[in-house]
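Trainee: Sequence plus the predicted model coming up.
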Number of protein chains: 4
Amino acid sequence: MCRFLAYSGEPVFLSDLVCAPTHSLVHQSLHADEGKTETNGDGFGIGWYGERPEPGIYRDISPAWSDENLVNLCGQVRARTFFAHVRASTGTATARANCHPFVYGRHLFMHNGQIGGYHRIKRRLEALIPDTFYDHRRGSTDSEVIFLLALANGLEQDPVGAMARTLETIRGLMKEAGVSEPLRFTALLTDGETLTAYRWACDGRPPSLYFRDGPGGIVVVSEPIDGCREGWRVVPKGGTLRARHGHATVVTGPEAVRSRAA
Amino acid sequence: MCRFLAYSGEPVFLSDLVCAPTHSLVHQSLHADEGKTETNGDGFGIGWYGERPEPGIYRDISPAWSDENLVNLCGQVRARTFFAHVRASTGTATARANCHPFVYGRHLFMHNGQIGGYHRIKRRLEALIPDTFYDHRRGSTDSEVIFLLALANGLEQDPVGAMARTLETIRGLMKEAGVSEPLRFTALLTDGETLTAYRWACDGRPPSLYFRDGPGGIVVVSEPIDGCREGWRVVPKGGTLRARHGHATVVTGPEAVRSRAA
Amino acid sequence: MCRFLAYSGEPVFLSDLVCAPTHSLVHQSLHADEGKTETNGDGFGIGWYGERPEPGIYRDISPAWSDENLVNLCGQVRARTFFAHVRASTGTATARANCHPFVYGRHLFMHNGQIGGYHRIKRRLEALIPDTFYDHRRGSTDSEVIFLLALANGLEQDPVGAMARTLETIRGLMKEAGVSEPLRFTALLTDGETLTAYRWACDGRPPSLYFRDGPGGIVVVSEPIDGCREGWRVVPKGGTLRARHGHATVVTGPEAVRSRAA
Amino acid sequence: MCRFLAYSGEPVFLSDLVCAPTHSLVHQSLHADEGKTETNGDGFGIGWYGERPEPGIYRDISPAWSDENLVNLCGQVRARTFFAHVRASTGTATARANCHPFVYGRHLFMHNGQIGGYHRIKRRLEALIPDTFYDHRRGSTDSEVIFLLALANGLEQDPVGAMARTLETIRGLMKEAGVSEPLRFTALLTDGETLTAYRWACDGRPPSLYFRDGPGGIVVVSEPIDGCREGWRVVPKGGTLRARHGHATVVTGPEAVRSRAA
């Protein structure tokens, strides 16, 4: 079911958060505590903002715990904003194109969860993606479909509203197809400046999401990377988080989200 | 710490034992019950005897649980004798050359366990391997070193005695170097006709080893592949097993082994 | 642009044709003589018929010239019918799902050539594939699309007619989109019993195709594997070949093909 | 036989030299003009100096021409000094540990050429490496052996002298073993500040080496990356080059080298 981490703030080395801590994301690739699966060894990916407006990404299909390139890169790259993800496939192939984060222009996106009954509605979902965004479809995951549909729905201008409308549409198709499994969507989006986190699920059980906000920057994680809950706040189920360095982080509950989705 | 499986008897499809059972070896790559590690995702390998006297092998660094080639091959290949192994590295790199089984001529070998303090005596161990066998050194594991040293000690003629002498030598080097960690050696060797299993450790705690003997053939495993102990017999700690199709399987205890090692 | 080889006849080891000859397919992965590209290092694949009605396949993204598993497998597997392919990508990603041969039920298919302007009509082509076959879409190549469309057009019952109709449809879409680049289609299809070869192109320049027919079996290749033309016959441009062990091989010219396509 | 490139000077994006030019190193991985082999698809590697004294490296076994991670990284990483290499194996396995550049502490090293008859003297060569450096041996190439032996010979303090003494020793072992194939050594070494290039061979035929020196920095290449000789100077056969940003580049001929080797 995946585990991930995002950071935004004063530039830090990726290794400080992705590799070094006691329960770092690399550690979680082998021993996650709160994920649906303990092992998340179906690939990994990092995305970071350097000197270019577009982020760089490095994704591979090997388990994060044994990839020397990942450790080496994280030790060398310092960034003001970055994403890191370790994958546990929910059915689609282990391939680089299916690893997160996904990139479009200046945006990075990653997802923990799944579209219930995805394989039954995959074709209909893909058919909804306009040509412009469909050309960017490289893999076969539900996560990438959600991202492209949301982009078509105006994600770049309205991260929360567009995503809410997108999930509404998907829920509609799921119901039409008689799917009973849930849609779970704990996800992160950024354009390098603003970080948006979502913790939604149609059955009230979205995957875990925590954050730690400080003067240097904000860290958003699937589970605390220092192995203890102290110092970490929970993003409420059904809520969102919005962070921008130099501004106060805004955490909203489900009511605010529902009104945005109109 | 690895999990493995061996079969010898009437030809069967590898998938019948490696993939299909409830707690197959592929399942154990993600969820082992009795291994030192639950996950064994640092590569895998199969070796089988077809029409040639020398076995074929297929080894790769991806986790067994996500490799479509492994499943496909096992579904197509039928053999009278075969080995299968899923790896949890004890320190050396994830590389094809470090995956088991290892092959030399007509022999296949695989190992679950480790040489304690290996990195401190690695060079001295390698120096003991005669040129003929050293030329076959492809990786960096302790397992491959044990195999090559044992071959030099007459493994092909005397599987038990040569291996016992080899481990004696290794223990000697370990003591010289002041190594306190144990030497654990649960392993399998075959030439396609005879199967030899070892369950040794200098601290009395060798990794698990079971077998199930029937008219069709014998299966030797790290842990029962059908998820329950019934029908499986334990190979005694400190003992060996010797099987040859058409002959009675012989299981010996530690005393018999010690006298062979002279 | 790829190179490939097919065999059907008395069982032989794959290595006898895929690896051993002077200008074997493995050699052609590095030094092809008649291909559009000299190097075909974007992956490879083999498919063979063993005891099962469905074929086994082994495909990977590494260059064939350096893959030890390929050599090992070919040396162990003997089959009455098999395909082998080395890939030079025409634009789509290097991924296992994009390596040939493709498999559907009992059929194997591989292609050398391309749909001109594929990326401009990719979406429209994919939309033509009925759900049943679309569910088998795993990659992003034009080759896989042709195969699935042809299956929908009755390829299993009428290999030549269905394929001709499929390429007609594709040509139609290409013209609509104003594509000037050609559609080139040198391809092989088998169900394990009958082998069908196609050598078609809309500009009269289909990739090369030769065959060598003997009492033991028939070999069909992109270029002669023994490095010389003697003993090999050319499949005529615009024609097809149909072979079935124990029956005379039938080679037809373009006229016969055009009438079948109605 | 490999192709490589090194840069030292004002920070530039790696892509400006490794990917973008007409005959970039990535292009040379598929179509080298002056190398022993046209294709160099047995892996690649980059090493660069960022904020840390030790360089970062990224190496993988896939051909450079199809690796999206390489392109992405090069587009994001800017460095004052970097190395890039594409490999054509001279016999040893395709594995990350066998890709260049090799790193030790603050040093990067890469090599184009080979130790003639390497496999016949491999063991004796490895035996000469002191424990400290032997512990860093990760692969099986002759290039890595040369690097470690040279480090033991004082490479960090005296790049030219130590390397000359090392190659002398190797030549000695080659002669003892009756090897007639040559030792060819076109190589690059850096500590992030000073760049040392060598163009040596015992048969007077070392692989090609060019450089282009400008106010911004110096580029040293196996073959000109803009597809023409103009603007590039040849490093003389048997000579060396030494560059340090802010200092004049020094190119010496064979006589100067021989005296240093004493």
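Mentor: Done, it's in.
Trainee: Report all helices and strands that the lengthiest helix in chain A contacts.
Mentor: Assignment by DSSP state H gives helix A:159-176 as the longest helix of chain A. Under the contact definition 3 or more CB pairs under 8 Å, 6 or more residues apart in numbering or on different chains; DSSP states H and E, helix A:159-176 sits against helix A:118-128, helix A:142-152, strand A:183-190, strand A:194-201, strand A:239-244, helix A:254-260. For glycine as for every other residue, the C-beta is placed from the backbone atoms N, C-alpha and C.
Trainee: redo that, cut-off 10 Å
Mentor: If you count contacts as 3 or more CB pairs under 10 Å, 6 or more residues apart in numbering or on different chains; DSSP states H and E, helix A:159-176 packs onto strand A:107-115, helix A:118-128, helix A:142-152, strand A:183-190, strand A:194-201, strand A:239-244, helix A:254-260.
Trainee: Tell me the residues of the stretch 101-250 of chain A that contact chain B?
Mentor: Within reach of chain B by CB under 10 Å from any CB of the partner chain, the stretch 101-250 of chain A has no residues at all.
Trainee: In the stretch 101-250 of chain A, what residue lies closest to chain B?
Mentor: Nearest residue of the stretch 101-250 of chain A to chain B, counting by CB to the nearest CB: residue A:140, 13.7 Å away.
Trainee: Quick check, that residue in contact with residue A:126.
Mentor: Yes. At 9.4 Å, residue A:140 counts as touching residue A:126 under the criterion of CB atoms under 10 Å.
Trainee: Out of the helices and strands packed on helix A:159-176, the one nearest chain D is which?
Mentor: Closest among the helices and strands packed on helix A:159-176, using CB to the nearest CB: strand A:107-115, at 12.7 Å.
Trainee: can you tell if stretch A:13-22 touches chain D?
Mentor: Yes. Stretch A:13-22 lies within reach of chain D by CB under 10 Å from any CB, at residue A:13.
Trainee: before we move on, back to that, looking at the helices and strands packed on helix A:159-176, which is nearest to chain C?
Mentor: Among the helices and strands packed on helix A:159-176, the nearest to chain C by CB to the nearest CB is helix A:118-128 (6.1 Å).
Trainee: If we go by neighbour counts, what in that closest one is buried?
Mentor: For helix A:118-128, burial by neighbour count (16 or more other CB atoms under 10 Å in any protein chain shown) applies to A:118, A:120, A:121, A:122, A:125, A:126, A:128.
Trainee: Wait, the first one touches residue A:89, no?
Mentor: No. Counting by CB under 10 Å, residue A:89 is not a contact partner of residue A:118; they are 11.7 Å apart.
Trainee: Spit out the residues that contact these two alike.
Mentor: With contacts taken as CB atoms under 10 Å, 6 or more residues apart in numbering or on different chains, residue A:118 and residue A:89 have residue A:141 as neighbours in common.
Trainee: What parts of the stretch 51-200 of chain A come near chain D?
Mentor: Proximity of the stretch 51-200 of chain A to chain D (CB under 10 Å from any CB) is limited to residues A:51-52, A:54-60, A:67-70, A:72-79, A:96-97, A:103, A:138.
Trainee: List buried residues within these.
Mentor: A:54-60, A:67-70, A:72-79, A:96-97, A:103, A:138.
Trainee: Among these, which are located in helices?
Mentor: In helices, defined here by DSSP H, the members of these are A:68, A:69, A:70, A:72, A:73, A:74, A:75, A:76.
Trainee: Pick the one among the residues you listed closest to chain C.
Mentor: Comparing those against chain C with CB to the nearest CB picks out residue A:69 as the nearest, at 16.7 Å.
Trainee: sorry, back to before: could I get the helices and strands packed on helix A:159-176 as CSV with mean pLDDT?
Mentor: Formatted as CSV, the helices and strands packed on helix A:159-176 follow (pLDDT from 0 to 100):
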stretch, mean pLDDT
strand A:107-115, 97
helix A:118-128, 96
helix A:142-152, 98
strand A:183-190, 98
strand A:194-201, 97
strand A:239-244, 97
helix A:254-260, 63
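Trainee: Output these as CSV; include the columns distance to chain C.
Mentor: Listed next are the helices and strands packed on helix A:159-176 as CSV, based on distance: least, CB to the nearest CB, whole Å:
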stretch, distance to chain C
strand A:107-115, 16
helix A:118-128, 6
helix A:142-152, 13
strand A:183-190, 21
strand A:194-201, 27
strand A:239-244, 33
helix A:254-260, 31
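Trainee: can I get those in JSON lines with distance to residue C:215?
Mentor: What follows is those, written out as JSON lines (distance: least, CB to CB, whole Å):
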{"stretch": "strand A:107-115", "distance to residue C:215": "56"}
{"stretch": "helix A:118-128", "distance to residue C:215": "48"}
{"stretch": "helix A:142-152", "distance to residue C:215": "53"}
{"stretch": "strand A:183-190", "distance to residue C:215": "62"}
{"stretch": "strand A:194-201", "distance to residue C:215": "66"}
{"stretch": "strand A:239-244", "distance to residue C:215": "73"}
{"stretch": "helix A:254-260", "distance to residue C:215": "74"}
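Trainee: so which of these gets nearest residue D:112?
Mentor: Checking the helices and strands packed on helix A:159-176 against residue D:112 by CB to CB gives strand A:107-115 as the closest, at 37.8 Å.
Trainee: Just want the angle from that closest one to strand A:194-201.
Mentor: If you take axes from the mean of the first three to the mean of the last three CA atoms, to 10 degrees, strand A:107-115 sits at 0 degrees to strand A:194-201.
Trainee: Kindly export strand A:107-115 (C-alpha atoms) in CSV.
Mentor: Output of strand A:107-115 as CSV, limited to C-alpha atoms (Å, rounded to 0.1, in the frame of the first residue of the first chain):
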residue,chain,number,x,y,z
HIS,A,107,4.1,19.3,-10.5
LEU,A,108,4.9,16.2,-8.5
PHE,A,109,2.2,13.8,-7.2
MET,A,110,2.2,10.6,-5.2
HIS,A,111,-0.5,8.4,-3.8
ASN,A,112,-1.1,5.9,-1.0
GLY,A,113,-4.3,4.0,-1.4
GLN,A,114,-6.3,2.6,-4.4
ILE,A,115,-9.3,2.9,-6.5
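Trainee: quick one: low-confidence ranges for the stretch 1-150 of chain A?
Mentor: Residue ranges of the stretch 1-150 of chain A with pLDDT under 70: A:1.
Trainee: Just the closest residue of it to chain C, please.
Mentor: Taking CB to the nearest CB, the stretch 1-150 of chain A has residue A:95 as its residue nearest chain C, at 5.4 Å.
Trainee: List the contacts of that residue.
Mentor: Per CB under 10 Å, 6+ apart, neighbours of residue A:95: A:42-43, A:59, A:61, A:89, A:138-141, C:61, C:93, C:95-98, C:138-139.
Trainee: Where does residue A:219 fall, secondary structure wise?
Mentor: According to DSSP states H and E, residue A:219 maps onto strand A:217-221.
Trainee: And the next helix or strand past that strand?
Mentor: Once strand A:217-221 ends, the next helix or strand along the chain (criterion: DSSP H and E) is strand A:233-234.
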